[in-house]
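K.L.:
Take a look and give me a structure for this.
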Amino acid sequence: MPTFHQKQISSAYYEKELRMNPRWPISSFHKKIFNDLKCEVSKHSVYRAKIRVLLKINGTHELQFGQVWDYGFEVKRVLPESTVKILTKDPEPGTDSGRFLRMYVCLGPLKKAFVQFYRHIVGLDGCHLKGPFGGQLLAAVGWMPMMACTHCMGICRN
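P.N.:
Coordinates of the predicted model:
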């Protein structure tokens, strides 16, 4: 079976597989290309293709973080009594916006019900989020099963 030598590789061809496994080693990726396409590509070209796909994947996350402000304004428009607080880091020199740190959302009807039917909070539960940016998700737990939802805000220190 003849082998072809290529200088370039299309990053879109393997984008789906790289989305499922972004930590795919370059050597394994290189072997897969050779086995699938019977095409010899330099490891440097494979590396550049992988970087292009990863930038495309992470770029979508950055765009979503840019829409956090729109989400906050929409919550305030629909439920004016809601509280939305977004904390960002000071912008770096040469950039126009700061880096997103955390967001606190308390929906108005939920806040009103919590004040009206005051109850004790039994515990606070949290989990670590996996993904390109990670973080923590916190939730308060009450003892009344009919009103299991409440709001909380936590600050974690490294």
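
K.L.:
Report the buried residues of the lengthiest helix in the chain.
P.N.:
Secondary structure of the chain read by DSSP state H shows that its longest helix is helix 43-66. Buried residues in helix 43-66, counted by 16 or more other Cβ atoms under 10 Å: Val46, Ala49, Lys50, Arg52, Val53, Leu54. C-betas here are computed from N, CA, C, even on glycine.

K.L.:
In JSON lines: these, plus pLDDT and distance to Lys130.
P.N.:
JSON lines is the format used below for the buried residues of helix 43-66 (pLDDT from 0 to 100; distance: Cβ to Cβ, whole Å):
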{"residue": "Val46", "pLDDT": "83", "distance to Lys130": "26"}
{"residue": "Ala49", "pLDDT": "84", "distance to Lys130": "25"}
{"residue": "Lys50", "pLDDT": "85", "distance to Lys130": "20"}
{"residue": "Arg52", "pLDDT": "85", "distance to Lys130": "23"}
{"residue": "Val53", "pLDDT": "84", "distance to Lys130": "19"}
{"residue": "Leu54", "pLDDT": "84", "distance to Lys130": "16"}
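
K.L.:
Reformat those residues as CSV; add distance to Thr60.
P.N.:
Shown next, in CSV, are the buried residues of helix 43-66 (distance: Cβ to Cβ, whole Å):
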residue, distance to Thr60
Val46, 22
Ala49, 18
Lys50, 16
Arg52, 13
Val53, 11
Leu54, 11
